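Undergrad: Have a look at this prediction, sequence included:
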Amino acid sequence: CMRFIESQAKKEKAEIIHFVNGDKIMRYFGLGMGRLSKQWKVIITFHHFFTGFMRKISYQKMSSHRSIVVHTDCFYEQMERYGIRDVNHIEYPGFLQKHKVHPDDSKIPVIGMYGGTRYEKGLDLLLEALKRINSPFHLFIAGAETDFGKEAIEKMCVSYKERVSIDIRFLSEEELDDYWSRTDLVVLPYRRNFNGASGQLTEGVNRGLPIIGPNHGSLGDIIQKNHLGRVYKTEDVEDLAKAIEDILENGFVYDETAKEYQKRISPEW
């Protein structure tokens with residue numbers, strides 16, 4: 001793979017080689033990248049922070065003579081603690097077009113849960129929490145099937161199935177934007193093993209929507225530091241339900257701190 005990249009970089013007369021997802025190649029500890037670093041500037045973007053001694057060694061090996069990009073303050077600080085100096089913090093930007101429909105106070109609030117149905121995203125935790133909600137709501141679940149299929153999802157929300165719309169397939173940008181345009185609240189029920197940036201958080205903030213997320217790691221830090229919504233005890237279904245009920249009942253309005261963060265994630269910033 002590294003030889004192929006080297007040959008392509010020479011062919012294209014490249015000035016920079018960028019590994020857009022360094023998470024996927026950490027098992028190789030940067031093997032072969034030294035050849036590239038001698039001839040080109042090499043940038044590696046990491047999206048999620050993984051703990052453990054071997055991961056630490058891999059981060060250190062892969063960053064040798066290379067520039068690192070991360071998307072959260074927590075990740076940036078951890079890289080510095082590992083002795084990695086060429087680290088750049090760039091907030092995960094929102095690239096979808098914004099066609100937010102003006103809110104209608106008379107309509108039932110829509111909760112959005114979009115993207116692949118991965119286990120770490122905690123869709124099952126959200127569906128359990130919604131059994132405890134008394135306020136009106138409607139849940140949109142849309143995205144490609146990964147760990148949870150449509151049949152499994154339907155079983156988990158059978159007691160309130162009329163309040164859930166399920167669209168399990170890969171969505172085009174236009175289709176995803178249409179779902180976002182009808183969304184009023186973003187819930188991120190990520191499990192404890194997730195520590196990184198969230199595209200759902202970014203797109204929610206892009207549209208000025210309240211965000212509910214776990215109180216651990218990067219997500220908890222971003223939500224609390226930037227006044228984006230509410231946090232709950234990670235993987236605690238009862239506490240998640242309370243946070244959802246609170247915003248459904250009382251609403252949430254962005255203050256100046258939240259609006260400033262909203263500007264920071266714009267590609268124009």
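TA: Okay, I see it. Residues are numbered from 1 along each chain as shown.
Undergrad: Could you list the low-pLDDT ranges of the stretch 151-269 of the chain?
TA: 269 (pLDDT under 70).
Undergrad: The same query, at a cut-off of 80, please.
TA: Within the stretch 151-269 of the chain, the ranges that satisfy pLDDT under 80 run 197, 267-269.
Undergrad: can you tell me how far the residue nearest to residue 37 when sequence neighbours are not counted sits from residue 238?
TA: Excluding its sequence neighbours, the residue lying closest to residue 37 (Cβ to Cβ, 6 or more residues apart in numbering) is residue 65, at 4.5 Å. In this view, the C-beta of every residue, glycine as well, is placed from N, C-alpha and C. According to Cβ to Cβ, to the nearest Å, residue 65 and residue 238 sit 49 Å apart.
Undergrad: now swap in residue 56 and tell me
TA: Taking Cβ to Cβ, one finds residue 56 at 35 Å from residue 238.
Undergrad: cool, residue 258 as well?
TA: Taking Cβ to Cβ, one finds residue 258 at 26 Å from residue 238.
Undergrad: Looking at the two now, which is surrounded by more residues?
TA: More crowded of residue 258 and residue 238, by other Cβ atoms under 10 Å: residue 258, with 19 against 11.
Undergrad: Make sure that one is indeed in a helix.
TA: Yes: under DSSP: H, G, I helix; E, B strand; the rest coil, residue 258 sits within a helix.
Undergrad: Which residue is the nearest non-sequential neighbour of residue 213?
TA: Excluding its sequence neighbours, the residue lying closest to residue 213 (Cβ to Cβ, 6+ apart) is residue 188, at 4.0 Å.
Undergrad: hang on, isn't that neighbour packed against residue 220?
TA: No: between residue 188 and residue 220 there is no contact under Cβ atoms under 8 Å: 9.9 Å.
Undergrad: what sits against the spatially closest residue to residue 120 that is not a sequence neighbour?
TA: In space, residue 120 comes closest to residue 194 once its chain neighbours are excluded; the distance is 4.7 Å by Cβ to Cβ, 6+ apart. Going by Cβ atoms under 8 Å, 6 or more residues apart in numbering, residue 194 touches 48, 120-121, 217, 219.
Undergrad: Next, residue 194: secondary structure please.
TA: Classified using three-state DSSP, residue 194 is coil.
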